[in-house]
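Engineer: fold the following, please.
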Amino acid sequence: MESLLDYDKNTEGILSINSFRAKVEPLTRHPDYDSYYNEIFFEKTYAFQVKDGVYDPEESGIKHLGNIPATDENLESIFYGSLINIFSRIEEHELTQITNFSGDKNSDEYRALLFNSISSLPIDPIDSNTLEKM
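Structural biologist: Numbers count the residues shown, from 1 in each chain. Below is the predicted model of the structure:
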């Protein structure tokens with residue numbers, strides 16, 4: 001699972017930072033703040049970030065990335081890169097199961113469904129048409 005947490009390496013297409021930013025940014029808008037997404041969502045907020053400007057592996061919890069310069073761009077890249085890696089692991093039929101899950105989305109059953117869908121490489125990955133509809 002550690003390999004899912006990484007920088008965004010995609011620059012084009014549906015699985016790219018620009019594509020995800022365009023989809024996610026409107027969902028994070030707060031009616032009382034014009035620039036909520038840009039100024040708060042990836043803002044450096046902890047004293048240790050400002051103090052030395054680096055997330056060390058202990059602070060970030062992502063040991064395999066080493067020291068991460070605490071910039072908005074790096075935080076955004078890791079956020080979207082991780083989302084892209086996760087979506088790249090989900091198969092079409094798994095997405096249908098996740099989307100149609102009718103139980104408690106905080107339940108162990110739902111978490112197991114999500115975990116199992118991203119635990120292996122997909123045989124039948126989600127296609128770009130399906131992702132466009134999301």
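Engineer: list the beta-bridge partners for the residue lying closest to residue 60 once chain neighbours are set aside.
Structural biologist: If you skip the residues right next to it in sequence, residue 60 has residue 68 as its closest partner in space, 5.7 Å away by CB to CB, 6 or more residues apart in numbering. No exception for glycine: its C-beta is placed from N, CA and C like everyone else's. As for beta bridges, residue 68 partners with residue 55 under DSSP bridges.
Engineer: can you check the pLDDT for residue 68?
Structural biologist: Per-residue pLDDT puts residue 68 at 89.
Engineer: quick one: it and residue 55 touch, right?
Structural biologist: Yes - with contact defined as CB atoms under 8 Å, residue 68 counts as touching residue 55 (4.3 Å).
Engineer: which residues are common contacts for these two?
Structural biologist: Listed as contacting both residue 68 and residue 55 by CB atoms under 8 Å, 6 or more residues apart in numbering are residue 62.
Engineer: which one's more surrounded, those two?
Structural biologist: The neighbour comparison of residue 68 against residue 55 (other CB atoms under 10 Å) goes to residue 55, with 23 against 19.
Engineer: and residue 98, what does it touch?
Structural biologist: Here residue 98 is in contact with 90, 113, 114, 117 (CB under 8 Å, 6+ apart).
Engineer: kind regards, and thank you for your time.
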